[in-house]
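In: got a predicted structure here, sequence first:
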Amino acid sequence: RQGLKTYSNWPTFPQLYVDGDLIGGLDIINEMIEAGELQTMIPTKVQLDDKLKKLVNKAPVMVFMKGDPETPKCGFSRTLMEILKETKVEFATFDILTDDEVRQGLKKFSNWPTYPQVYVKGDLIGGLDIIKEVQESGDLVP
């Protein structure tokens, strides 16, 4: 505690830092709130749920997979690509290996622990096993 007071040359706590820079203590924070200045200084981050909602609705059929349609990075993704290409269903993809936040967050968001995941109009249909069932029943059509 004492080290932080010495480092910041600010004698009291709390101390607000934004991007590693000391903004001030409680009195300064209160003044900034009253002047409407504090909110503009705080970095904003797109909430993960909002990001995921946008992603699952990016296309009418959205596939979250390992790799991309031309170079799937696992057997499940490869098999799904073969099925979707056979049926000529138009779809967009997202490579979950490029964004671990999306990869982990989507499992919770969808309550589906594995990949690939297929969404139609923003709703989770399921993974490869479900798509195979839909295909076998004849309901998988473009």
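Out: In hand now; what should we look at?
In: how much space between the residue nearest in space to the middle of the chain and residue 47?
Out: With distances taken as CA atoms, centre = their mean, residue 102 lies nearest the centre of the chain, 3.3 Å away. Distance of residue 102 to residue 47, given as CB to CB, to the nearest Å: 13 Å. Using the backbone N, CA and C atoms, a C-beta is placed for each residue, glycine as well.
In: helices and strands around the helix ranked longest in the chain, which ones?
Out: Secondary structure of the chain per DSSP state H: the longest helix is helix 75-87. Secondary-structure packing of helix 75-87 (3 or more CB pairs under 8 Å, 6 or more residues apart in numbering; DSSP states H and E): strand 61-65, helix 128-136.
In: on that earlier part again, show residues contacting the helix or strand containing the residue nearest to the centre of the chain.
Out: Counting by DSSP states H and E, the element that carries residue 102 is helix 100-110. Contact with helix 100-110 is made by 48-49, 51-52, 55, 64, 94, 96-97, 112-113, 115, 117, 124, as judged by CB atoms under 8 Å, 6 or more residues apart in numbering.
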